[in-house]
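**Student:** Starting from these lines, generate the structure:
(2 chains)
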Amino acid sequence: MATATLMDREVHVDDEGFLTEYDEWDEELGTYMAERIGIEMTPRHWEAIRFLRSDFTEQGVTPTLRRVSTSAAIPTKELFTLFPKKPAKKMAYIAGLPKPAGCV
Amino acid sequence: MTLTEQREAPLPAFEDDETDRKLMIICSKGSLDMAYPGLVLANAALGEGIETHIFFTFWGFDMINKETMGHLKFTPVGNPATHMPTMLMGLPGMTAFATHMMKKQIEGIDIPDVPEFMEMISDSGGHLWACRMSADMMHIGEDELYDRVEGIISASDFMEISEGAQVIFI
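**Tutor:** Alright, predicted model coming up:
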């Protein structure tokens, strides 16, 4: 897996730029990654991202949008407002996780 | 530049101009197994930022009829893909049994039932449309339809809405 720099740190990323090492991420880096894609993090954004991080450690996969809306109790509509257009992928990117693989 | 200098991490293509992509899915079937393909694809498209419309016509009306949308059935009759003896599939109770099994499987992989799925699609910005001719034929008015349906539209309206869209018929 290729390494690259993000915020002057050396990190492992895939071809698209998603982090591939869970432990290379922290919230400071997450904030920086969010800025790169035009998102300013708010407490509500963090609720979603922290859910993604903890769910990933339990399930071993990145949660899908529906899982975030049902398990983290953030309505679908709101997720589309917080992370416009491509919420599932944007959340995964900011959380330093792989793209969700599930269909729904 | 030194040899150890790293390239900056690439940025996923989030802001790609996919906004001009548009999808129209025609749902014309009223059985449980044929309801899901359209819903799954619509949901995936919305998650990619694609403008998505679903047009319900003929038997697809069962997917948006308030009375039936939560009770779609799956019948194994005439479906060789169930790999069960054809003679048995028409026995009384078989449709109820097969429907029950399929619903359990769908729930088992954490996929929502039809009404919840429809709500999710609408919340994600998907547009739901009902077919005028089917409504007239079946004497169904807007009151009987799922409240997220935006309107009962004619074939010409469909042509206008689907302009420039990729169309999937199910």
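
**Student:** drop to CA atoms for contacts and neighbour counts, all remaining ones
**Tutor:** Fine.

**Student:** in chain B, which spans are helices?
**Tutor:** B:32-47, B:86-89, B:94-108, B:114-123, B:132-138, B:155-161 (DSSP state H).

**Student:** The helix or strand bottoming out on mean pLDDT in chain A vs chain B: in contact?
**Tutor:** Within chain A, no helix or strand scores below strand A:2-6, which has a mean of 87 by mean pLDDT, DSSP states H and E. Yes: for strand A:2-6, a contact with chain B is found by CA under 8 Å from any CA of the partner chain, at A:T3, A:A4, A:T5, A:L6.

**Student:** Neighbour count added to the residues you listed, as a markdown table?
**Tutor:** As requested, the residues of strand A:2-6 next to chain B are exported to a markdown table (neighbours: other CA atoms under 10 Å in any protein chain shown):
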| residue | neighbour count |
| --- | --- |
| A:T3 | 18 |
| A:A4 | 20 |
| A:T5 | 16 |
| A:L6 | 19 |
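
**Student:** How far off centre is the longest helix seen in chain A?
**Tutor:** Counting by DSSP H, the longest helix found in chain A is helix A:43-59. Computed by CA atoms, centre = their mean, to the nearest Å, the chain-centroid distance of helix A:43-59 equals 8 Å.

**Student:** and it, what other elements does it pack with?
**Tutor:** helix A:65-71, helix A:87-94 (3 or more CA pairs under 8 Å, 6 or more residues apart in numbering or on different chains; DSSP states H and E).

**Student:** Tabulate the CA atom coordinates of it in PDB.
**Tutor:** Taking C-alpha atoms only, helix A:43-59 is exported to PDB below (Å, rounded to 0.1, in the frame of the first residue of the first chain):
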ATOM      1  CA  PRO A  43     -20.400  18.500  16.900                       C
ATOM      2  CA  ARG A  44     -23.100  16.800  14.800                       C
ATOM      3  CA  HIS A  45     -20.500  15.800  12.100                       C
ATOM      4  CA  TRP A  46     -18.400  14.300  14.800                       C
ATOM      5  CA  GLU A  47     -21.300  12.200  16.100                       C
ATOM      6  CA  ALA A  48     -21.500  10.500  12.800                       C
ATOM      7  CA  ILE A  49     -17.700  10.200  12.400                       C
ATOM      8  CA  ARG A  50     -17.200   8.800  15.900                       C
ATOM      9  CA  PHE A  51     -20.000   6.300  15.300                       C
ATOM     10  CA  LEU A  52     -18.300   5.200  12.000                       C
ATOM     11  CA  ARG A  53     -15.000   4.700  13.900                       C
ATOM     12  CA  SER A  54     -16.400   2.700  16.700                       C
ATOM     13  CA  ASP A  55     -18.700   0.600  14.500                       C
ATOM     14  CA  PHE A  56     -15.800  -0.300  12.300                       C
ATOM     15  CA  THR A  57     -13.900  -1.700  15.300                       C
ATOM     16  CA  GLU A  58     -16.900  -3.800  16.200                       C
ATOM     17  CA  GLN A  59     -18.100  -4.900  12.800                       C
END
